[in-house]
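Q: Generate a structure from the sequence data that follows.
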Amino acid sequence: MNTTKPPSTFFSPFPSTHSFSLRWLSSPFASSTSAAGNPRVTHSVHVQTAGKPSTATSLVITTPQQLANPQEQALLTLLQEKKTEEAWLAYTQSDQLPNPTCLSRLVSQLSYQNTHVALTRAQSIVRRLRNDRQLHRLDANSFGLLAVAAAKAGQILYATSIIKSMLKSGYLPHVKAWSAVISRLSNSGDDGPTEALSLFTLVTGKVRRISDPAVVNNSRPDTAAYNAVLNACANLGYTRKFLQLFDEMTEFGCAPDVLTYNVMIKLCARAERKDLLVFVLERIIEKGIAVCMTTLQSLVAAYVGFGDLDTAEKLVQAMREGRRDLCKILRDSTLEETSADNKSDVFEKLLPNSVNSRDREPPDLPRVFEPNSRMYTTLMKGYMKAGRVTDTVRMLQAMRHQEDTESHPDHVSYTTVISAFVQQGSMEQAREMLAEMLTVGVPANRITYNILMKGYCQKLQIDKAEEVMLEMVNGAGIKPDVVSYNTLIDGCILVDDSAGALSYFNEMRAAGIAPNKISYTTLMKAFALSGQPKIANKVFDEMLKDPRIRVDLAAWNMLVEGYCKLGKIDEAKSIIQRMKESGTFPNVATYGSLANGIALARKPGEALLLWSEIKERCGIGKGVEPDSSPALPPLIPDEGLLDTLADICVRAAFFKRALEIIACMEEHGISPNKTKYKRIYVEMHSRMFTSKHASRARQDRRRERKRAAEAFKFWLGLPNSYYGSEWRLDSVSEEDEYTSGTA
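A: This next block holds a predicted model:
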């Protein structure tokens, strides 16, 4: 079921399929029915992730009499014969819901197809059942397969919600299902790794609370599940949590494998412990785990990531020479990196072989490994990152002449060189490299074409980027993806073509390609920059409705900035209030945009309100009234924000607040622009308080403000009246500054 509208329609709402509410019809482990309709007992924890979808259902007994309906019997027969397409058509043509057996099998088989259309159909069944409060008709197997399919399709939030709802309602998902979701979360951006840790804790906690081993047998974490959550720890740099989970593996009978230690290489890299990389390799050898090429590739990538191309080159060269003493080479190369300051009890427990390592000889590899194209390409990427384009090209040429065909350049190697040329701005050479790929029989892939498109967009040659898109589709037969369209949308923004950006956005959705966060924020940027914040707001609202997207602070800030650039302060403040209510707190960039908008709108009173909130978050002043909104986290202001606020206050003659802001700047090591403020004062306020005809009452109201002005002149170094030591910054109320005018 396609959820997009025709190209003529601007936006189409996404189905609200990201929340579930399951309930039991009977006990968690009730009787169920076989495909033939005979009742039998089965556990609801069973999830099939490979092979034929399970025919078992949970929670409900379907009797032969219930299958007497000819339509249901025909549907079940189609499902048993794996005629999923015909079964779907039969389901859509029926006005009544099929029995639980047919529903579960249909959702399972659709999910197992792993296609966009099939997943959308499965989700539509779940949505219908949820609306009818009939989700209990589906068994754990169908939910688990749906979660796996959604995770593979990149719908991580949807997949996560399924697993959580299953746990909340008493289902125990199969380890293959919940670990697949954790694996995707671990490698996703935003809060994915953190969510992976939370979900792992939730599942294992549920498993620990059930004493019957038979019940939880299929849901217990295995080594693959631990590798997934350890990868989340490595991505976050959580060394102590990594150690805790690593030690827990034995509790569930799991043993670390080579992938576990490959993840540990990433952890060492994130912890900036280059000196420990070699000991991960040694540990693998000592424990008798088979070393694989992935381990050696990970080591090369880690050294390249550290910018240590010399060690990476030594490793690759030693492999080319057929040497097995790689551990000794790496030890000698990084010996000087070891420092007493780098000692950590966490890594000493993870890698006990690193302690007193000089007392032991480094082990040799069990066999010789020859570098492959992926390893050479990793080294090429290091050259490219270092700006060594010539070395990148030379590496490609050297790979061509290797006797081992495994070392010949592949599409990734060529794409790396093309990317190096694009980065250098040499688009002609990049196109020549693409032509060479086709000549030698190495087909370019979508990534290759996307990089070329990006290069042309960066050079503002949108027409040539569009030509590359057509060449990719018509010449290579490759369909564009969300990255392709995002590149063109961004290119349109660079040439100030918001209409073109919108056209590509709608074309993408019409093609059935789901926008991602970059798609939405890039389109928002197009309308914000073109002075159309209302349309940007509409795009933002669509992003909020999309269950696949987690709206972050950057998106909120872009919306705020769009209104502030037009001086529409009320609208910007409304957006910020919505942001706070959603649990997202403004940062320095948010306040900076608002301050710039206040300056543009010439509403200095708003600057006082903004400064009051910033003071509270910076912990300045004990007499500051607390904000009525939920507690805001601490804030460290930057120079741009404080300078803009000080500028507004000086121009508006709010000298007391200006002095407070200046004091805050100096406290944070920011040098105020005294020359600029002196110029503003001389131009705007040199004749302040000179009227001889003001009433006595008005003169009294201005007295303290005058003292603040004299204090500010003293700070500027301008001639000023003497003011006594009893003068204080807090002697003037903020209300007086706001309501009293200048003379």
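Q: now the residue most central in space within the chain: how far from G531?
A: With distances taken as Cα atoms, centre = their mean, G189 lies nearest the centre of the chain, 2.2 Å away. Applying Cβ to Cβ, to the nearest Å, the value for G189 to G531 is 30 Å. In this view, the C-beta of every residue, glycine as well, is placed from N, C-alpha and C.
Q: Next: N445.
A: From N445 to G531 the distance is 39 Å (Cβ to Cβ).
Q: Out of these two, name the residue with the larger neighbour count.
A: Comparing N445 with G531 by other Cβ atoms under 10 Å, the one with more neighbours is N445, at 16 against 12.
Q: contacting residues around that one?
A: 411, 415, 478 (Cβ atoms under 8 Å, 6 or more residues apart in numbering).
Q: Take the residues you listed and keep only those in helices.
A: Mapping these onto helices (DSSP state H) picks out 411, 415.
Q: Return the member of the contacts of N445 nearest to A269.
A: Using Cβ to Cβ, T415 comes nearest to A269 of those, at 23.5 Å.
Q: Would you mark the buried spots in the helix or strand containing V539?
A: For V539, the enclosing helix or strand under DSSP states H and E is helix 533-545. Of the residues in helix 533-545, 533, 535-540, 542-543 count as buried by neighbour count, 16 or more other Cβ atoms under 10 Å.
Q: roughly how far is it from the heart of the chain?
A: Distance of helix 533-545 from the chain centroid (Cα atoms, centre = their mean, to the nearest Å) equals 20 Å.
Q: could you say what helices and strands that helix packs with?
A: helix 517-529, helix 553-564 (3 or more Cβ pairs under 8 Å, 6 or more residues apart in numbering; DSSP states H and E).
Q: Format the CA atom coordinates belonging to it as PDB.
A: Taking Å, rounded to 0.1, in the frame of the first residue of the first chain, the C-alpha atoms of helix 533-545 are listed here in PDB:
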ATOM      1  CA  PRO A 533       9.500  30.200   7.100                       C
ATOM      2  CA  LYS A 534       5.800  29.300   7.000                       C
ATOM      3  CA  ILE A 535       6.500  26.700   4.300                       C
ATOM      4  CA  ALA A 536       9.600  25.600   6.300                       C
ATOM      5  CA  ASN A 537       7.200  25.100   9.200                       C
ATOM      6  CA  LYS A 538       5.000  23.000   7.100                       C
ATOM      7  CA  VAL A 539       7.900  20.800   6.100                       C
ATOM      8  CA  PHE A 540       8.800  20.600   9.800                       C
ATOM      9  CA  ASP A 541       5.300  19.500  10.800                       C
ATOM     10  CA  GLU A 542       5.500  16.700   8.100                       C
ATOM     11  CA  MET A 543       8.800  15.600   9.700                       C
ATOM     12  CA  LEU A 544       7.100  15.400  13.100                       C
ATOM     13  CA  LYS A 545       4.400  13.100  11.700                       C
END
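Q: now it against helix 517-529, angle please.
A: If you take axes from the mean of the first three to the mean of the last three Cα atoms, to 10 degrees, helix 533-545 sits at 160 degrees to helix 517-529.
Q: related to what we said a few turns ago, which one of the contacts of N445 is nearest to A153?
A: The closest of the contacts of N445, once distances to A153 are taken by Cβ to Cβ, is I478, at 19.4 Å.
Q: Mind pulling up the pLDDT for that closest one?
A: Note for I478: predicted pLDDT of 92.
Q: Now do the contacts for it.
A: I478 neighbours (Cβ under 8 Å, 6+ apart): 445-446, 449, 472.
Q: swap the cut-off to 6 Å and go again
A: Applying Cβ atoms under 6 Å, 6 or more residues apart in numbering, we find I478 in contact with 446, 472.
Q: Check T260 too.
A: Applying Cβ under 6 Å, 6+ apart, we find T260 in contact with N227.
Q: before we move on, the earlier item: out of the helices and strands packed on helix 533-545, nearest to S211?
A: Across the helices and strands packed on helix 533-545, closest to S211 is helix 517-529 (Cβ to Cβ), at 43.2 Å.
Q: CSV for the helices and strands packed on helix 533-545, including distance to I329 and mean neighbour count?
A: Shown next, in CSV, are these (distance: least, Cβ to Cβ, whole Å; neighbours: other Cβ atoms under 10 Å):
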stretch, distance to I329, mean neighbour count
helix 517-529, 41, 23
helix 553-564, 44, 23
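Q: With mean pLDDT added, can I get those helices in JSON lines?
A: Output for the helices and strands packed on helix 533-545, formatted as JSON lines (pLDDT from 0 to 100):
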{"stretch": "helix 517-529", "mean pLDDT": "87"}
{"stretch": "helix 553-564", "mean pLDDT": "90"}
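Q: quick one, which of those helices is nearest to T101?
A: helix 517-529 (39.5 Å).
Q: Count the neighbours of R130 for me.
A: 17.
Q: how about the helices of the stretch 1-150 of the chain, start to end?
A: Secondary structure of the stretch 1-150 of the chain (DSSP state H, counting those that start in this stretch): helices located at 70-80, 84-92, 100-113, 116-131, 140-152.
Q: from the ones you listed, which stretch is densest packed?
A: Stretch with highest mean neighbour count among these: helix 140-152 (a mean of 27; mean count of other Cβ atoms under 10 Å).
Q: Now do that helix: which elements does it pack against?
A: For helix 140-152, the packing partners by 3 or more Cβ pairs under 6 Å, 6 or more residues apart in numbering; DSSP states H and E come out as helix 100-113, helix 156-169, helix 175-187.
Q: repeat that with 10 Å
A: On a contact count with 3 or more Cβ pairs under 10 Å, 6 or more residues apart in numbering; DSSP states H and E, helix 140-152 meets helix 100-113, helix 116-131, helix 156-169, helix 175-187.
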